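# What follows is a predicted protein model with its sequence.
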Amino acid sequence: MGNPGSEPPSSEITSEPLYLRRREFIRNAALFAATAVGVGGGLRWLTRGRRATDRTRAGASELATLAITRRVEYADGEAATPERDVTGYNNFYELGTDKEDPAANAHTMRSRPWTVEIAGEVRKPLVLDVDQLLRWFPLEQRVYRMRCVEAWSMVIPWVGFPLAALLARIEPTSRAKYVQFTTLLDPEQFPGQRRRVLDWPYVEGLRIDEAMHPLALIAVGLYGKALPGQNGAPLRLVVPWKYGFKGIKSIVAIRLVENQPRTTWSAAASDEYGFFANVNPAVDHPRWTQASERRIGELHRRATLPFNGYAEQVASLYTSMDLRANF
Ligand code: MTE
């Protein structure tokens, strides 16, 4: 970022419940217990850096939370980007500004214990442990395209749950017009925060209707495993129709607010990075074209799709908006 195709099956999306019932979760959890480890053959727990005894202790609860109960493909059959690229070519300025830095420096992060605060304009504010949060929702694998504002893209099999399910739990009040997300501030874990590359902590936001959209995901894993640090462990946002910088990593606070929050990248360069940041091939970045992109692993550039190919699902959120002014 420098200084500061076609449509997925709409039936899958429109049939998505706004929240998933506890009963269903219990049934799924029982199913998982019965099949023990390895649902779908793809489930493994990241044990890097743990001693065997820790691994055993951590295993039981954390494995259970990564049971994938449903797999949906929202990338029109496009091949997923190899895992080594998804986890080796990253933007996570808290861990360094080069693409290889986050993977190299992620060992400084501690994603457990991890507490998330959900507050503001809600009837049921919460401060809770991430593992407890994970137990509330059945986990889905969702394959989404991701388009970075820097004009490269990937296809990523995330594991997570709809943000809408979480919001339903905490009951926003009628004054909740936006949702603000904040990354952990801890220069000991995040060496990048020792330099003022950005105004730390990293903050992002969505309008409430965007946050409630069934495609907006809280991701806790990828490729069937818990999120590696460099991808935003233990939980991050994924909004597939927006530029990747909206997908804030390593979230510690979610705040429902009345006014549009000040977000990190739009504060750093408001003419380059807007609040909405919807993928739009018709509106160029001041320093490069947004009409095409480089899919990691491909030789030739490909055309960028409006809303990153999710227009059928999300364009109705913006019918009354000038997308050039509100970029
Ligand atoms: N979140 C935080 N906290 N810090 C960051 O620097 N970079 C963003 C976003 N989330 C960033 C962040 C950008 S620019 C992109 S493109 C995506 O994360 C990259 O996600 P990935 O590394 O998992 O592909």
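Okay, I see it.
# For whatever residue of the stretch 151-300 of the chain ends up closest to the ligand, give me its contacts.
The nearest approach of the stretch 151-300 of the chain to the ligand comes at G244, 2.7 Å away (Cβ to the nearest ligand atom). (Each C-beta comes from the backbone N, C-alpha and C, glycine too.) When contacts are counted by Cβ atoms under 8 Å, 6 or more residues apart in numbering, G244 is found next to 91, 146-149.
# Now the two most distant members of the residues you listed.
Greatest spacing in the contacts of G244, by Cβ to Cβ: N91 and R147 (12.4 Å).
# These two - which one has more neighbours?
It is R147, of N91 and R147, that has more neighbours when counted by other Cβ atoms under 10 Å, with 25 against 21.
# Next, the buried residues of the strand or helix carrying V116.
Using DSSP states H and E, V116 falls within strand 115-120. Neighbour-count burial for strand 115-120, with 16 or more other Cβ atoms under 10 Å as criterion, is recorded at 116, 118, 120.
# In terms of secondary structure, what does the longest strand along the chain contact?
Once the chain is assigned using DSSP state E, the strand that runs over the most residues is strand 152-162. Strand 152-162 makes packing contacts with helix 83-86, strand 139-147, strand 217-222, strand 292-295 when contacts are defined by 3 or more Cβ pairs under 8 Å, 6 or more residues apart in numbering; DSSP states H and E.
# Now do the buried residues in the last one.
In other words, strand 292-295. Neighbour-count burial for strand 292-295, counted by 16+ other Cβ under 10 Å, picks out 293, 295.
# And it, what does it pack against?
Judged by 3+ Cβ pairs under 8 Å, 6+ apart, strand 292-295 is in contact with strand 152-162, strand 302-303.
# Give me the pLDDT for the residue of the stretch 151-300 of the chain closest to the ligand.
pLDDT, G244: 98.
# circling back: report the backbone C-alpha coordinates of the longest strand of the chain in PDB.
The C-alpha coordinates for strand 152-162 follow below in PDB (Å, rounded to 0.1, in the frame of the first residue of the first chain):
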ATOM      1  CA  TRP A 152      -3.100  -8.500  -6.400                       C
ATOM      2  CA  SER A 153      -5.600 -11.200  -5.400                       C
ATOM      3  CA  MET A 154      -6.000 -14.700  -4.000                       C
ATOM      4  CA  VAL A 155      -8.700 -17.300  -3.500                       C
ATOM      5  CA  ILE A 156      -8.800 -18.400   0.100                       C
ATOM      6  CA  PRO A 157     -10.700 -21.200   1.900                       C
ATOM      7  CA  TRP A 158     -11.500 -19.400   5.200                       C
ATOM      8  CA  VAL A 159     -13.100 -21.100   8.200                       C
ATOM      9  CA  GLY A 160     -15.400 -19.000  10.300                       C
ATOM     10  CA  PHE A 161     -18.900 -17.900  11.100                       C
ATOM     11  CA  PRO A 162     -21.100 -15.000   9.900                       C
END
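# After that strand, which helix or strand is next? Please name it.
Sequence order places helix 163-170 as the next helix or strand after strand 152-162, per DSSP H and E.
# so how far is A282 from A303?
Distance of A303 to A282, given as Cβ to Cβ, to the nearest Å: 12 Å.
# between those two, what contacts are shared?
Contacts common to A303 and A282, judged by Cβ under 8 Å, 6+ apart, are A291.
# who in this protein is up against the ligand?
By the criterion of Cβ under 6 Å from any ligand atom, the positions of the chain lying close to the ligand are 1, 90-94, 148, 183, 202, 231, 244-245, 247-250.
# Count the neighbours of F245 for me.
For F245, the neighbour count with other Cβ under 10 Å is 20.
# what do you get for D209?
The burial count assigned to D209 is 12, neighbours taken as other Cβ under 10 Å.
# Can you say which helix or strand has it in it?
Per DSSP H and E, D209 falls inside helix 208-211.
# Residues touching that helix, excluding its own?
Under the contact criterion Cβ under 8 Å, 6+ apart, helix 208-211 has outside partners 163-164, 167, 172, 176-179, 216, 239, 256, 314, 317.
# Just the buried positions in that helix, please.
Applying a neighbour-count criterion of 16+ other Cβ under 10 Å, one finds 208, 210-211 buried in helix 208-211.
# Only the C-alpha atoms, please, for it, written as CSV.
Taking only C-alpha atoms (Å, rounded to 0.1, in the frame of the first residue of the first chain), the coordinates of helix 208-211 have been written out as CSV:
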residue,chain,number,x,y,z
ILE,A,208,-24.4,-1.9,10.1
ASP,A,209,-26.2,-3.2,7.0
GLU,A,210,-22.8,-4.3,5.6
ALA,A,211,-21.9,-6.0,8.8
